[in-house]
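In: sequence plus predicted model, see below.
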Amino acid sequence: MLTPQGLKGKQYRVTGTAYPRLGRPPRKGRKIFAFICSLLALALIGLGGVQLVDIFTGKFKHATAQACATPSAAATGKALAAPAADAPPGTSPAPAAPVDPAAVPQPQAVTVNVYNATAKAGLAGRTAEELKKRGFVIGTVGNAPTALDKKVPGTAQVIGGPAAVGAMTLLTSQIAGATSTPDARTDATVDFVIGDSYNALLDETQAAAALALATKPSPTPSPGSC
């Protein structure tokens, strides 16, 4: 046994009950393996987060597309054209396209036939008087023809030919909820058929606002929005 320097001729004793244990030095392979496992775990967490974002944003975009695809008449403020008489049951009316303001005539240039399709007596005459006060030229006044009598559930139905598109827009703006229906007549006269839900014309300020809205061009949708 070799004696360490400085302890020649001296005795020493190890005391205590605990002795140091010498373990194996750490291996580099284990550290590399643990590092790779950590990277894989982080990658899986990130992938799961991306998928969750895609799921929720995809649902939102789908709901937005549905809302954009089917605007209601209440949302746009524009009346919907009534379906043609020979249209199949369940057919929805198409939204009316904006009319060029220059194509809308003055009331003095519009001849209106007023028909009562309800059971309320005298309604056509009173409505004709109100329209006359606003400058419209009144034509025929009376009960609605058999094809329309008691068959107009809304407030009113405005009917006219291709030459009366602007006049129909002007007349439709005089009453809330009125619908417009084209026919094949060649003149510019317009029929105003009073329906079951009719109460009164809009006041002139409201009618002017409705006309401005009906002739306002629809805005071009920006990408990603309605």
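Out: Nice, thanks for sending it over. Model, not experiment: these values are computed from the prediction.

In: and the helices in this structure, which stretches?
Out: Here the chain has its helices, by DSSP state H, at 28-69, 73-76, 123-133, 165-172, 204-214.

In: where among these is average confidence lowest?
Out: Lowest mean pLDDT of the helices of the chain: helix 73-76, a mean of 40.

In: run a quick neighbour tally on the nearest residue to Ala124 once chain neighbours are set aside.
Out: Distances taken as CB to CB, 6 or more residues apart in numbering place Asn116 nearest to Ala124, at 3.8 Å, with adjacent residues excluded. Glycine gets a C-beta too; all of them are placed from N, C-alpha and C. Neighbourhood size, Asn116 [other CB atoms under 10 Å]: 26.

In: kindly report the same for Lys151.
Out: A total of 15 residues lie near Lys151 under the criterion other CB under 10 Å.

In: local confidence estimate at the nearest residue to it once chain neighbours are set aside?
Out: Of all residues not flanking Lys151 in the chain, Ala117 sits nearest, at 6.5 Å (CB to CB, 6+ apart). The model reports Ala117 with a pLDDT of 97.

In: does Ala117 really touch Ile194, like I thought?
Out: Yes: counting by CB atoms under 8 Å, Ile194 is a contact partner of Ala117 at 5.9 Å.

In: so what sits against both of those two?
Out: Counting by CB atoms under 8 Å, 6 or more residues apart in numbering, the shared contacts of Ala117 and Ile194 are 144, 152.

In: for the spatially closest residue to Ala163 that is not a sequence neighbour, what are its contacts?
Out: Nearest residue to Ala163, sequence neighbours excluded (CB to CB, 6+ apart): Ala188, at 4.5 Å. Shown in contact with Ala188 (CB under 8 Å, 6+ apart): 110-111, 160-161, 163-164, 167.

In: CSV for these, including distance to Glu204 and neighbour count?
Out: Listed next are the contacts of Ala188 as CSV, based on distance: CB to CB, whole Å; neighbours: other CB atoms under 10 Å:
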residue, distance to Glu204, neighbour count
Val110, 15, 23
Thr111, 20, 16
Gly160, 22, 27
Gly161, 27, 17
Ala163, 26, 12
Ala164, 22, 26
Ala167, 17, 25
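
In: of those, which is the nearest to Arg30?
Out: Gly160 (88.0 Å; CB to CB).

In: what pLDDT is listed against the closest one?
Out: pLDDT recorded at Gly160 is 97.

In: buried ones in stretch 117-131?
Out: Neighbour counts over stretch 117-131 (16 or more other CB atoms under 10 Å) mark 117-118, 123-124, 127-128, 131 as buried.

In: do the same with stretch 142-155
Out: 144, 148, 152, 154-155.

In: got the contact list for it?
Out: 85, 115-119, 124, 157, 175-179, 193-199.

In: what's the span of that stretch from first residue to last?
Out: Stretch 142-155 has an end-to-end distance of 17 Å (criterion: CA to CA, to the nearest Å).

In: that one - what's its average pLDDT?
Out: On average, stretch 142-155 scores 95.

In: list the residues that contact Ala176.
Out: Listed by CB under 8 Å, 6+ apart, the contact partners of Ala176 are 155, 202, 206, 210.

In: who wins on neighbours among these?
Out: Ala210 (22 neighbours).

In: and the closest residue to it other than its chain neighbours, how many neighbours does it have?
Out: Nearest residue to Ala210, sequence neighbours excluded (CB to CB, 6+ apart): Ser173, at 4.0 Å. Number of residues near Ser173 (other CB under 10 Å) recorded here: 24.

In: circling back: now the buried residues of stretch 117-131 as TSV including distance to Thr140?
Out: As requested, the buried residues of stretch 117-131 are arranged in TSV below (distance: CB to CB, whole Å):
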residue	distance to Thr140
Ala117	14
Thr118	17
Leu123	15
Ala124	9
Thr127	13
Ala128	9
Leu131	13
